[in-house]
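Chemist: A predicted structure for the sequence below; I have some questions about it.
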Amino acid sequence: MGSVPARSKLPEPVGLHTHAMDNLRFIRETMERAGSFTAVPGVGGMLMGLSAVGAALLAARQPSLDGWLAVWVGEAILAVLIGAATAARKARAGKAALLSGPGRKFALGLAPSIFVAALLTAVLYRAGLYAVIPGVWLLLYGTGILSGGVFSVPVVPVMGVCFVALGAIALFCPLAWAHWILAAGFGGLHLIFGAVIAARYGG
């Protein structure tokens, strides 16, 4: 009588706790994606920072306040386009909808401050209060980032606080310092926090 073949070794069943941990991890990650706007563009923020530094250098060379203001208004429009384009690109890469759920809440938190900043710019310009404009821009942008940042990754509200603090300082600074303060805010803060976001949250 031939020998009985050895029974093939069956793989050990995966433990119940392993399944449970995998499921919990999946649920947690899904809730985090659903609850926070993760398409904040780090690379886009860095590009916005670079464009702001360039705008500061260009604005400093303007012979008139009208030219100075025109440079910064143009920079604001360019920054919005950069931010929107890079956020959309990051959302597509992450297979997320840009303007649904947290993304829509982020936009709705930021948009009113941008609108008020544009409105107050026209009012302050007509009143000749040029020195106040940089502080108002930084304060309102920081407020918008804080409002929208509630629905985003944790570093975004910190950036908003920094903009508000710098804006408060800018209100008491002479107009001659304006382009350097704006360069520190829209340039430096965007570069720093953009790099952090790109490193920690994927581009």
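Modeler: Looks like it came in fine. Numbers count the residues shown, from 1 in each chain.
Chemist: strands of the chain, start to end?
Modeler: Applying DSSP state E to the chain gives no strands.
Chemist: surely residue 107 meets residue 145?
Modeler: No - counting by Cβ atoms under 8 Å, residue 107 stays clear of residue 145, with 11.9 Å between them. Every C-beta, even on glycine, is put in place using the N, C-alpha and C of the backbone.
Chemist: looking at those two, which one has more neighbours?
Modeler: residue 145 (26 against 18; other Cβ atoms under 10 Å).
Chemist: quick one: contacts for that one?
Modeler: 110, 156-157, 159-160, 163 (Cβ atoms under 8 Å, 6 or more residues apart in numbering).
Chemist: with pLDDT as extra columns, can I get the residues you listed in TSV?
Modeler: Below are the contacts of residue 145 laid out as TSV (pLDDT from 0 to 100):
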residue	pLDDT
110	82
156	86
157	87
159	92
160	92
163	96
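Chemist: most neighbours among these, please name it.
Modeler: Counting neighbours by other Cβ under 10 Å, residue 160 comes out on top of the contacts of residue 145 with 26 neighbours.
Chemist: I'd assumed residue 152 was in contact with that residue.
Modeler: No - using Cβ under 8 Å, residue 160 makes no contact with residue 152, being 9.7 Å away.
Chemist: overlap in contacts of those two?
Modeler: By Cβ under 8 Å, 6+ apart, no residue touches both residue 160 and residue 152.
Chemist: where do the helices sit along this structure?
Modeler: Ranges of helices in the chain, per DSSP state H, are 16-35, 42-59, 65-93, 102-127, 133-149, 155-170, 178-182, 190-201.
Chemist: show me what counts as buried in the fifth one.
Modeler: Neighbour-count burial for helix 133-149 flags 133-149 (criterion: 16 or more other Cβ atoms under 10 Å).
Chemist: for that helix, give the mean pLDDT please.
Modeler: Averaged over helix 133-149, pLDDT sits at 91.
Chemist: check the longest one too.
Modeler: When pLDDT is averaged over helix 65-93, the result is 85.
Chemist: what angle separates it from helix 133-149?
Modeler: 20 degrees (axes from the mean of the first three to the mean of the last three Cα atoms, to 10 degrees).
Chemist: could you do the second one as well?
Modeler: Relative orientation of helix 42-59 and helix 133-149, computed by the same axes, to 10 degrees: 170 degrees.
Chemist: now the angle between helix 155-170 and helix 42-59, please.
Modeler: Going by the same axes, to 10 degrees, helix 42-59 makes 20 degrees with helix 155-170.
Chemist: what sits up against helix 42-59?
Modeler: By Cβ under 8 Å, 6+ apart, helix 42-59 touches 67-68, 71-72, 74-75, 78-79, 82-83, 85-87, 90, 179-180, 182-183, 185-199, 201-203.
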